[in-house]
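Asks: Okay, here's the prediction I keep looking at, along with the sequence it came from:
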Amino acid sequence: MGKRQRVQRRTGAPPRVAATPANLARARTRFAQGVTAYEQGRNTEAADALDEVLAILPTSADALCARGMVAATLNDRDTAARCLGEGLRLLASAPDASTTEAWNELGVSQRALGDLEAAETTLRKLTETISDFAPGWHNLALVLSEREQHDEAAAAARRASRLMPDHPGVLALLGKELRAQGRLNSAIAVLRRSLASAPDDVDVLTSLGNSVFYSGDIDEALSLLRRACELHPEISVTWTNIGTMLYAALEIDEALTAHQRALELSNGEPAYRFRCSAALLQKGRLAEGWAEYEQRLDGDPPLRRWAGTPHWDGTPYAGALLVYREQGIGDEIMFASCLPELLELGKKGSHVIIETDPRVVPLFARSFPAATVRPQTKECVQSEDAPPPVAPDADFAVAMGSLGHLLRGTIDAFPRRERGYLLPNESLARRWAERLAAVGDGPYVGISWRSMIRTAERRLEYSRLDEWGGILTVPGVQFVVLQYDDCEREVLDAERRFGISIHRWRDLDLKDDFDNIAALMANLDLVIAPRNAVTMLAGAVGAPTLAVGNEGDWSECGTAQLPWFASVECINRNVRQPWEVALRATADRVQRLARGEAAVFPPFAPAVSPRSSV
């Protein structure tokens with residue numbers, strides 16, 4: 001009973017004691033004893049003494065701040081935030097030399113409790129007033145990073161690094177934020193400085209390893225992460241990072257071993273199982289890979305929708321079946337290749353409802369007329385304080401990305417299509433035929449070179465337009481922009497650099513107008529793109545397409561091609577090779593097109609050798 005009362009007293013305000021002269025004298029004595037105990041590292045004793053003081057003087061700003069500092073040392077963040085917040089409020093003054101540490105610990109405690117907005121406010125007030133306090137800048141950078149305000153986080157981390165130029169933690173944070181800004185080379189340089197100061201710091205080894213990996217130096221990245229595993233073999237995230245790198249390098253068996261170790265250490269963490277799915281799918285072990293791929297639905301954040309509606313198991317169904325989106329638009333279009341088979345599995349009187357991205361509703365409705373197609377419903381995600389949501393008009397529900405698991409369990413389950421499965425608008429297609437003819441004789445080649453997300457990590461996946469000289473200078477070809485974000489500067493630079501013209505239309509919304517984009521693609525002789533939404537849409541409408549990327553992507557499902565589409569050929573490079581290898585092979589295909597040679601798409605084939613070149 002006594003122990004329980006002690007815990008209660010630690011987690012809330014101390015019980016009041018009358019402020020008699022004797023008690024006030026005792027409060028002064030106990031305050032001095034508490035401060036001395038804190039300074040000498042006897043924190044539990046300090047907490048007891050200061051609790052006695054606050055029982056007599058509950059509004060003593062000095063006692064509250066002191067008690068908050070003791071609580072922070074004991075990692076009791078609830079008490080720290082409460083006492084420091086109240087104590088500093090009672091002082092009613094800006095941070096100064098006497099309260100700097102208290103303001104800093106208040107911000108740290110607020111961050112630890114998940115109140116990032118309050119933590120940012122506290123730490124901004126501190127750094128604006130005490131501009132040379134490095135820990136304040138460092139902690140502010142941590143808060144801004146968690147709030148995904150990466151430009152401001154990098155600026156705060158840089159201020160901290162100027163005040164503590166050799167602090168490995170500060171340098172590691174600055175490196176992470178520079179990487180988040182896409183400044184990969186600068187990030188690597190800063191992280192190397194951090195590693196020089198702390199050669200055995202696992203966080204620094206991991207951050208540098210990941211950054212070096214994104215720059216393309218997989219061998220050094222693996223060396224750094226393996227060093228981290230040698231130092232701390234019990235950290236599961238390091239093992240799963242190694243597995244991801246080995247997968248990219250097509251060392252699949254070793255990747256699976258690393259992922260398995262991560263799963264053992266984490267008791268089957270769903271996020272790690274999802275990562276492992278890529279290696280299994282690339283290996284061609286589709287049944288196992290799809291089972292792990294399903295873990296994405298219950299990850300963080302959860303993607304499963306309509307959790308209160310029975311999940312469809314892939315067998316013939318009666319009643320209403322709801323198919324809902326839960327991924328990016330490119331994957332959604334790719335998995336939509338399974339919808340024709342899904343529709344055929346319905347028994348008499350059954351009905352399919354497809355909830356999809358609003359941008360493709362007209363395209364899907366035209367292509368799957370037997371189904372009801374509507375925009376994605378928003379109010380259908382599981383929340384912690386509510387029962388699982390139930391679809392009001394469906395007997396079963398299934399995620400679009402789960403159709404691979406249910407309908408593509410082997411490579412033989414992929415149909416050998418002769419054309420695409422999405423139908424462009426015929427009148428729009430005729431209009432685009434006229435607009436293309438107006439720019440000159442073909443062949444007409446649509447181009448995209450990256451995703452819309454421009455992070456340092458994406459450099460490993462995508463080439464740059466200024467590297468496409470061998471493609472864009474093939475004579476007699478009309479190139480058309482399909483890149484779906486603000487790329488005008490890149491296009492103008494390429495036009496000047498290579499002395500060419502690349503066609504684009506200001507009235508075409510390449511980000512949102514999928515009906516017009518599909519109609520344009522239907523008139524192109526070739527589309528060149530990485531594995532982004534452009535490739536997926538082009539393949540879905542049956543446009544001849546070259547998917548330029550890295551060998552062994554999971555979407556190839558153990559083949560050397562994309563079995564989801566009839567008209568897509570993969571032009572791959574090994575990640576240890578420069579992009580020039582794949583771009584040179586792509587230029588060769590464009591030259592053949594310019595000579596009038598028809599595109600011939602290879603059948604599904606075994607995966608390429610990990611060490612082969614294009």
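Replies: Ah, there it is.

Asks: residues in contact with Leu562?
Replies: By C-beta atoms under 8 Å, 6 or more residues apart in numbering, Leu562 lies in contact with 531, 535, 539, 547, 555-556, 568, 570. To be clear about C-beta, it is placed using only N, CA and C from the backbone, and glycine gets the same treatment.

Asks: hey, which helix is longest across the protein?
Replies: Longest helix of the chain, by residue count under DSSP state H: helix 21-39.

Asks: Buried ones in that helix, by neighbour count?
Replies: For helix 21-39, burial by neighbour count (16 or more other C-beta atoms under 10 Å) applies to 23, 27, 30-31, 33-35, 37-38.

Asks: any idea which of the residues you listed is the one closest to Arg273?
Replies: Ranked by distance to Arg273 (C-beta to C-beta), the buried residues of helix 21-39 are led by Tyr38 at 45.9 Å.

Asks: where's the closest residue to Leu91 other than its chain neighbours relative to Ala46, distance?
Replies: In space, and not counting its chain neighbours, Leu91 is closest to Ala61: 4.8 Å by C-beta to C-beta, 6 or more residues apart in numbering. Remark: distance between Ala61 and Ala46 (C-beta to C-beta, to the nearest Å) = 17 Å.

Asks: Show me which of those two is the more surrounded one.
Replies: Neighbours of Ala61 and Ala46, each counted by other C-beta atoms under 10 Å, are more numerous for Ala46; the result is 25 against 18.

Asks: got the contact list for the closest residue in space to Asn210 that isn't next to it in sequence?
Replies: With C-beta to C-beta, 6+ apart as the criterion, Asn210 has its nearest non-adjacent residue at 6.6 Å, and that residue is Asn241. Listed by C-beta under 8 Å, 6+ apart, the contact partners of Asn241 are 206, 209-210, 225.

Asks: quick one: which of these is nearest Leu524?
Replies: Set against Leu524, the nearest of the contacts of Asn241 by C-beta to C-beta is Asn210 (37.5 Å).

Asks: wait, doesn't that closest one sit right on Leu222?
Replies: No: using C-beta atoms under 8 Å as the test, Asn210 is too far from Leu222 to be in contact (11.2 Å).

Asks: residue boundaries of the strands in this protein?
Replies: Taking DSSP state E to define them, one finds strands in the chain at 320-324, 351-356, 372-375, 396-399, 444-447, 478-481, 502-503, 526-529, 545-550, 568-573.

Asks: Output those strands in TSV, with mean neighbour count and distance to Ala172 appended to each entry.
Replies: As requested, the strands of the chain are exported to TSV (neighbours: other C-beta atoms under 10 Å; distance: least, C-beta to C-beta, whole Å):
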stretch	mean neighbour count	distance to Ala172
strand 320-324	24	40
strand 351-356	21	42
strand 372-375	16	43
strand 396-399	23	37
strand 444-447	24	38
strand 478-481	22	39
strand 502-503	18	41
strand 526-529	27	36
strand 545-550	26	28
strand 568-573	22	31
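
Asks: what about Val17, neighbour count?
Replies: Residues near Val17, counting by other C-beta under 10 Å, number 16.

Asks: now Arg419
Replies: So Arg419, with other C-beta under 10 Å, has 9 neighbours.

Asks: Contacts for the longest helix of the chain next, please.
Replies: The contact list for helix 21-39 (C-beta under 8 Å, 6+ apart) reads 17, 43, 45-50, 52-53, 56-57, 60, 62-63, 66-67, 69-70, 73.

Asks: Buried subset of those as a ChimeraX selection?
Replies: Entered in ChimeraX, the line below selects the buried ones among those, by 16+ other C-beta under 10 Å:
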select :17,43,45,46,47,48,49,50,52,53,56,57,60,62,63,66,67,69,70
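
Asks: I'd say Glu490 and Glu467 touch.
Replies: No: using C-beta under 8 Å, Glu490 makes no contact with Glu467, being 11.1 Å away.

Asks: Compare the two and say which is more crowded by neighbours.
Replies: Neighbours were counted for Glu490 and for Glu467 using other C-beta under 10 Å; Glu490 has more, 17 against 14.

Asks: Now that one: closest residue in space, sequence neighbours ignored.
Replies: Closest to Glu490 by C-beta to C-beta, 6+ apart is Leu465, at 4.9 Å.

Asks: Please flag which of the contacts of helix 21-39 sit within helices.
Replies: Reading helices off the contacts of helix 21-39 with DSSP H, I get 43, 45-50, 52-53, 56, 62-63, 66-67, 69-70, 73.

Asks: Go ahead and confirm Glu254 touches Met245.
Replies: No: Glu254 is not in contact with Met245 according to C-beta under 8 Å; the separation is 9.8 Å.

Asks: The two - which one has more neighbours?
Replies: Counted by other C-beta under 10 Å, Glu254 and Met245 do not tie: Met245 has more neighbours, with 25 against 17.

Asks: Can you name the residues that contact that one?
Replies: By C-beta under 8 Å, 6+ apart, the residues touching Met245 are 209, 213, 218, 221-222, 225, 255.

Asks: If we use 7 Å, what do you get?
Replies: Neighbour list for Met245: 213, 218, 221-222, 225 [criterion: C-beta atoms under 7 Å, 6 or more residues apart in numbering].

Asks: Equivalent analysis for Ala63, please.
Replies: Contact partners of Ala63, counting by C-beta under 7 Å, 6+ apart, are 31, 50, 53-54, 57.

Asks: I'd like the buried residues of helix 21-39 laid out as JSON lines, including distance to Asn267.
Replies: Formatted as JSON lines, the buried residues of helix 21-39 follow (distance: C-beta to C-beta, whole Å):
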{"residue": "Asn23", "distance to Asn267": "52"}
{"residue": "Ala27", "distance to Asn267": "49"}
{"residue": "Arg30", "distance to Asn267": "46"}
{"residue": "Phe31", "distance to Asn267": "47"}
{"residue": "Gln33", "distance to Asn267": "46"}
{"residue": "Gly34", "distance to Asn267": "42"}
{"residue": "Val35", "distance to Asn267": "44"}
{"residue": "Ala37", "distance to Asn267": "40"}
{"residue": "Tyr38", "distance to Asn267": "39"}
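
Asks: so which of those residues comes closest to Leu280?
Replies: Out of those, the member with the shortest distance to Leu280 (by C-beta to C-beta) is Tyr38, at 54.2 Å.

Asks: Which pLDDT value goes with Ser266?
Replies: You'll see Ser266 listed with a pLDDT of 95.

Asks: how long is stretch 392-404 from one end to the other?
Replies: This stretch, stretch 392-404, spans 26 Å end to end (C-alpha to C-alpha, to the nearest Å).

Asks: for stretch 145-156, same thing?
Replies: Stretch 145-156 has an end-to-end distance of 10 Å (C-alpha to C-alpha).

Asks: What residues of that stretch count as buried?
Replies: 145, 149-150, 152-156.

Asks: My understanding was that Gly446 contacts Asn523; is that so?
Replies: No: counting by C-beta atoms under 7 Å, Gly446 sits too far from Asn523 to count as a contact (9.5 Å).

Asks: joint contacts of these two?
Replies: Residues touching both Gly446 and Asn523 (C-beta under 7 Å, 6+ apart): none.

Asks: follow-up on the earlier one: around the residue nearest to Glu490, count how many other residues there are.
Replies: 23.

Asks: thinking again about what came up before, pick out the most distant pair among the buried residues of helix 21-39.
Replies: The widest separation within the buried residues of helix 21-39 (C-beta to C-beta) is 21.6 Å, between Asn23 and Tyr38.

Asks: Ser555 versus the nearest residue to Val445 once chain neighbours are set aside, what's the distance?
Replies: Spatial nearest neighbour of Val445, chain neighbours left out: Leu526 (4.6 Å); criterion: C-beta to C-beta, 6+ apart. Separation of Leu526 from Ser555 (C-beta to C-beta) stands at 20 Å.
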